[in-house]
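1. next comes the sequence, and after it the predicted model I'd like to discuss.
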Amino acid sequence: MSADIPADALVAPYDALLVDLDGVVFAGGKPIPGAAETLATARAAEISVCFVTNNASRTPAQVAEHLQEMGAAATPDEVLTAAHAGVAVMSQSIPVPGPVLVVGADGLMQAASDAGYHVVETASENPVAVIQGFGRDVGWRHLAEAAFAIQQGAAFFATNVDTTLPQERGFAPGNGALVGAVEVATGVTPMSAGKPAPDMFHMAQKILGATRPLAIGDRLDTDIRGARAAGIDSLHVLTGVSDAIAVAHAPVEDRPTYIASDMTALMRPYPAIFTEETVTKAGAARAEVTADVLHIRGEGIDAIRAGCVATWDVTDADGTQTVDTSALSGLG
């Protein structure tokens, strides 16, 4: 471990970081402060990095270029997109070079072509499979061709099923919403490879040769749930989709190993969090649930950590109990 990273830093026990993009490294078109510098410090300490994204529209080269524009060092071979994961899953049952109808953008088309598949555009070309990923130009005609092919017997795959796509103006329909249209039209549910399925995490770990990776994400139902499904520790950062209140109310399968304001927490010690009688402690912060209301003494990220764990303890003890966690508002 590099002298630049304290021996008791959160990141110290890990040999690789599996990093989500939007909401973690950048938000919209702006870099998140400290993210690029944290990744650079990790690399200097010989901690490997793989960027793991459910966005299947861009090629790895395009993703790496965008990361570089955001100030984060990246090469195409450090990028794993849902396009490659989807094609890898498809290859387990669909032999190359079978004709495949691709619904999506350049990233998915290139992934399918690079894998040796013959990419077609219409159901009349008798594809043996349909694979669907997000593309801003995907429209009714593309979805109709997918539906026709599936009705003719083509297998159905999806790169990911995120129902929403965060944008600066709000949440736009994600690939899952578009996949849902084809699913409703055909009655066929696709096999999906993207987060929260564990496939991408296993692939990234194998690519890096990592023995103890840490996944970093901002969305509980994809990044964190996927990491847990893969048996990998996770850090949830509050710079993206899921806020502190969402973390406090997360079901067990969506709960992160660690909670932080942003990625810079990797380079600092993580406090021991424990409960004595009814009071949960994290650093100087204290949290307690009384009469179904969360009460917090303290501020900042340790208060959030204590509040989330206190809420988890109570809801786990009584699965029907609902806790008022409004005390978490404004603490991040």
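-> Arrived safely. Bear in mind that the values here come from a model prediction, so they are computed numbers and not experimental data.

2. and the lowest mean pLDDT element among the helices and strands of this structure?
-> strand 164-167 (a mean of 82; mean pLDDT, DSSP states H and E).

3. how far does stretch 182-192 stretch from start to finish?
-> 14 Å (C-alpha to C-alpha, to the nearest Å).

4. tell me which residues of it come out buried.
-> Using 16 or more other C-beta atoms under 10 Å as the test for burial, stretch 182-192 gives 182, 183, 186, 190, 191, 192. Placement of C-beta: from N, CA and C, glycine included.

5. distance between the ends of stretch 198-218?
-> 17 Å.

6. state the mean pLDDT of it.
-> Mean pLDDT, stretch 198-218: 96.

7. flag every buried residue along it.
-> 198-201, 203-205, 207-208, 210, 213-218.

8. what strands line up against the least confident helix or strand of the chain, and which way round?
-> Strand pairing for strand 164-167, determined by DSSP bridges: strand 170-173 (antiparallel).

9. about what we covered before: of the buried residues of stretch 198-218, closest to residue 122?
-> residue 199 (28.7 Å; C-beta to C-beta).

10. okay, now the residue lying closest to the closest one once chain neighbours are set aside: neighbour count?
-> Nearest residue to residue 199 in three dimensions, chain neighbours excluded: residue 193, at 4.8 Å (C-beta to C-beta, 6 or more residues apart in numbering). As a burial measure, residue 193 scores 29 neighbours (other C-beta atoms under 10 Å).

11. longest helix anywhere in the protein?
-> helix 300-317 (DSSP state H).

12. surely residue 110 meets residue 59?
-> Yes - Residue 110 lies in contact with residue 59 (C-beta atoms under 8 Å); the separation is 5.3 Å.

13. ok, the closest residue in space to residue 316 that isn't next to it in sequence - how many residues close by?
-> By the measure of C-beta to C-beta, 6+ apart, the closest residue to residue 316 outside its immediate chain neighbours is residue 252, 7.5 Å from it. Using other C-beta under 10 Å, residue 252 is surrounded by 9 other residues.

14. what pLDDT does residue 252 get?
-> As predicted, residue 252 sits at a pLDDT of 95.

15. what of the one 10 residues further on?
-> At residue 262 the predicted local distance difference test score is 98.

16. I figured it hits residue 237, correct?
-> Yes - using C-beta under 8 Å, residue 262 is in contact with residue 237, at 5.3 Å.

17. who has more neighbours, those two?
-> Using other C-beta under 10 Å, the more surrounded residue of residue 262 and residue 237 is residue 237, with 27 against 19.

18. from residue 23, how far off is that one?
-> 8 Å (C-beta to C-beta, to the nearest Å).

19. need the overlap of contacts for those two.
-> Contact criterion C-beta atoms under 8 Å, 6 or more residues apart in numbering; residues bridging residue 237 and residue 23 by contacting each: 217, 218.

20. give the burial count for residue 300, as a bare number.
-> When neighbours are counted by other C-beta under 10 Å, residue 300 registers 14.

21. what's near enough to touch it?
-> 261, 285, 331.

22. touching, the residue nearest to residue 199 and residue 88? I think so.
-> Yes - using C-beta under 8 Å, residue 193 is in contact with residue 88, at 6.8 Å.

23. which residues are common contacts for those two?
-> In contact with both residue 193 and residue 88: residue 199, using C-beta under 8 Å, 6+ apart.

24. reformat the buried residues of stretch 182-192 as JSON lines; add distance to residue 35 and secondary structure.
-> Shown next, in JSON lines, are those (distance: C-beta to C-beta, whole Å; DSSP: H, G, I helix; E, B strand; the rest coil):
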{"residue": "182", "distance to residue 35": "35", "secondary structure": "helix"}
{"residue": "183", "distance to residue 35": "35", "secondary structure": "helix"}
{"residue": "186", "distance to residue 35": "40", "secondary structure": "helix"}
{"residue": "190", "distance to residue 35": "32", "secondary structure": "coil"}
{"residue": "191", "distance to residue 35": "33", "secondary structure": "strand"}
{"residue": "192", "distance to residue 35": "28", "secondary structure": "strand"}
